[in-house]
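Student: Fold the following for me, if possible:
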Amino acid sequence: METPANPVIRRALERNFLKRVPLTFRPYFNQEIQAWSFKFPYERLYLERVVGYVDMLAPGEFENLFRAVRGLEARMNLNPRSFSLEEQTIEGASVLARSPYYREWRAEVNRIFERIHGSALAEEQSRMAGLRRLLFLSFPAVLPVDAADVLKRWPDAQIKRVNLSGGPSSLLDAVLGVQQQSGLPRVSSFLEEFALRPERGLGDVWLIEAGTTLERLLPELARESQRERAVRLSFSALKPLRDAFVDQIKSMRKTLADADTIMRRLRSLDISALCPQEIGATPAVREFVRALFLTNNGSQLFSNAFVEWGITQAAAHARPRVVLGEFGLRDKPKPFTSVAIFEDPARANPLPSQPDPEGSAVDAGMLAYYAWLGMRRYPECRTTGCVCLLESARCLLVTGPPDFPLLQEQEPIPAGRIGSLLRSWLA
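Tutor: Numbering: from 1, shown residues only. Below you'll find the predicted structure:
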């Protein structure tokens, strides 16, 4: 194993950390430490705090922390041929899940990490919980969204009508678009201004979209010199990588061992040439995209699933300050393709594709709420304000903490004022 440069991790490895932790913890820690160079700043901080805390426990405390789980492992009678100590595998997970002691083991693992988190991360979580965050979700005009129907799924949310008169024809242009008047310097949008602050780091700002609209509206963040100011992921731009993953996954036989073989192959595949240049050249982002497609939840096939799952995983890996997502229009599922088997319907069925705006709108409405839940599940992200821009309905769905400024605004809100309010929220 290549030892990370981090002194806390290096010290732990020198003290045989991986051999001292219980067998069922070893694959997780081994895999996480090996992936150090591919991690976002938050992930590195998390791993450093957790490993450092456990490693420096006094011998008696160390044994007390893990005593119960070691006893359960002894009764599980783990076979190293089916339970890997080097990496987390599908077969290894199934070995644990089939054990009659699994529920007890799972509860004990949760108890251990609750104690570790309470001691190692409480101060940092408290600091991060004081940072204001923003989840901004755009529903383009091609999606005939019913605002009242979307609102039913969002407890405590409000619908705010918007006055777009005298401005751009697009509500998204009015909120995010760069203000440009003839003969005057270009004025950045509130999101560009936030992303280009000196204190911003990789993973603070994310743009995740079905198409390429956000790249067009936010050109400053597309410049190569600003690559790490914002993580930009486009479902359409990632088509070569999506196709390659789908082809590999389709070849999988119905065995756990073969599934692990395919997953191992996809984890080691050099995907740089299959990604847009800014993704392939940024290790943390490249490996994030790889992991996103390896979860096999439909993000390889459906643009709106890609947007939702990308937001949820961005929150898990990076605890971002701002996430901007735009949903898109998908085609109607074709018989015996994406519904029945893991396949891109456009490649599997020669019949012409038919767009499905109504179905896409329903999908996006549900997935937007899941994205919000994905952000809110972490203590550090409870101060997130959320805006859903419903282009076809000329309104916003707004929710968040009580001091989120859009909640107090009187209707109709001038479109040009929305960006100013969000700028002040993130100030």
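Student: Which parts of the stretch 1-150 of the chain are strands?
Tutor: 133-139 (DSSP state E, counting those that start in this stretch).
Student: Please read the previous query as pertaining to the stretch 201-350 of the chain.
Tutor: If DSSP E, counting those that start in this stretch is used as the criterion, the strands of the stretch 201-350 of the chain fall at 205-209, 231-234, 322-326.
Student: how near is Ala107 to Cys386?
Tutor: Relative to Cys386, Ala107 is positioned 33 Å away (CB to CB, to the nearest Å). Placement of C-beta: from N, CA and C, glycine included.
Student: ok so, going back, got the strands of the stretch 201-350 of the chain as a markdown table, with mean pLDDT columns?
Tutor: Converted to a markdown table, the strands of the stretch 201-350 of the chain look like this (pLDDT from 0 to 100):
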| stretch | mean pLDDT |
| --- | --- |
| strand 205-209 | 96 |
| strand 231-234 | 94 |
| strand 322-326 | 97 |
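Student: how's the protein carved up into domains?
Tutor: Structural domains assigned to the chain are 7-120, 132-426, following automatic domain parsing.
Student: Could I get those domains in a markdown table, plus columns for distance to Ser126?
Tutor: Compiled in a markdown table, the domains of the chain are given as follows (distance: least, CB to CB, whole Å):
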| stretch | distance to Ser126 |
| --- | --- |
| domain 7-120 | 12 |
| domain 132-426 | 8 |
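Student: Can you say which of those domains is packed in most?
Tutor: domain 132-426 (a mean of 18; mean count of other CB atoms under 10 Å).
Student: ok so, going back, mind putting the strands of the stretch 201-350 of the chain in CSV, distance to Leu294 included?
Tutor: Below are those laid out as CSV (distance: least, CB to CB, whole Å):
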stretch, distance to Leu294
strand 205-209, 17
strand 231-234, 15
strand 322-326, 21
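Student: so where's the protein shaky on pLDDT?
Tutor: Scanning the chain for pLDDT under 70 picks out 1-2, 166-168, 177-187, 224, 249-260, 296-297, 334-351.
Student: Please, where are all the helices along the stretch 301-427 of the chain?
Tutor: Along the stretch 301-427 of the chain, the stretches classed as helices by DSSP state H, counting those that start in this stretch are 303-318, 345-348, 357-376, 415-426.
Student: For Phe38, find the nearest of the ones you listed.
Tutor: Across the helices of the stretch 301-427 of the chain, the minimum distance to Phe38, taken as CB to CB, is reached by helix 303-318, at 10.2 Å.
Student: and the closest one with helix 357-376, angle?
Tutor: Computed by axes from the mean of the first three to the mean of the last three CA atoms, to 10 degrees, the angle separating helix 303-318 from helix 357-376 equals 10 degrees.
Student: helices and strands around helix 303-318, which ones?
Tutor: Helix 303-318 is packed against helix 41-55, strand 205-209, strand 231-234, helix 283-294, strand 322-326, helix 357-376, with contacts defined by 3 or more CB pairs under 8 Å, 6 or more residues apart in numbering; DSSP states H and E.
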